[in-house]
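# need a 3D model of the following:
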Amino acid sequence: MPPRNAVWSSSLVAAILLLTSCETREPVVSGRPRDAVFTEPRPVQKPTASRQLGESCPSGQAAECLSDVCLHTRPEPGVGHYCTQRCDNDAQCPKNWRCALVFPVKGHALCVPPENWTSGLAEPR
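Numbering: from 1, shown residues only. The predicted structure follows:
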């Protein structure tokens with residue numbers, strides 16, 4: 001068994017070599033360099049409502065629709081978003097569309113397009 005001082009000396013030399021061989025880097029905070037430039041916060045721009053009843057609202061945002069209602073009608077995400085409107089009965093909906101309660105609360109009925117609907121202007125009744 002080697003003398004205790006020799007083991008301690010070897011360990012100290014190894015530690016010094018490891019510490020001096022490491023390269024120094026600029027500290028990183030939250031994945032950004034220390035001297036990163038920040039700008040002031042700005043609000044996200046709301047899309048301009050321009051889509052009519054029956055047209056696609058691909059982002060799923062109601063703000064795209066003139067009626068301020070965008071309905072997701074398909075099980076696949078990102079597919080089947082159409083501008084629609086609130087209704088009380090089928091007569092208030094476009095031709096071949098139906099008025100359906102989308103939430104089990106009075107006043108939450110929307111015009112729902114037929115199952116095979118593709119984006120386009122809905123024909124009035």
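# for this structure, what helix or strand is lowest in average pLDDT?
strand 28-29 (a mean of 52; mean pLDDT, DSSP states H and E).
# I'd assumed H72 was in contact with G80.
Yes - G80 lies in contact with H72 (CB atoms under 8 Å); the separation is 6.0 Å. Backbone N, C-alpha and C define where each C-beta goes, glycine included.
# more neighbours: which of those two?
The neighbour comparison of G80 against H72 (other CB atoms under 10 Å) goes to G80, with 18 against 14.
# tally of neighbours for the residue nearest to that one when sequence neighbours are not counted?
Counting by CB to CB, 6 or more residues apart in numbering, G80 lies nearest to R74, which is 2.9 Å off, once chain neighbours are set aside. R74 is flanked by 12 other residues according to other CB under 10 Å.
# pLDDT at R74, what is it?
Note for R74: predicted pLDDT of 88.
# any idea how far it lies from L101?
19 Å (CB to CB, to the nearest Å).
# and if you look at P41?
Noted for P41: a distance of 40 Å to L101, by CB to CB.
# and these two? Which one has more around it.
When neighbours are counted by other CB under 10 Å, P41 and L101 differ, and L101 comes out ahead with 13 against 5.
# ok, the nearest residue to Q85 once chain neighbours are set aside - contacts?
Residue nearest to Q85 in three dimensions, not counting chain neighbours: S67, with 4.3 Å by CB to CB, 6+ apart. S67 makes contact with L53, C83, T84, Q85, R86, according to CB atoms under 8 Å, 6 or more residues apart in numbering.
# let me know the helix or strand that S67 is in.
Assigned by DSSP states H and E, S67 falls within no helix or strand.
# how about D90: what's its closest non-neighbour residue?
By the measure of CB to CB, 6+ apart, the closest residue to D90 outside its immediate chain neighbours is C99, 4.9 Å from it.
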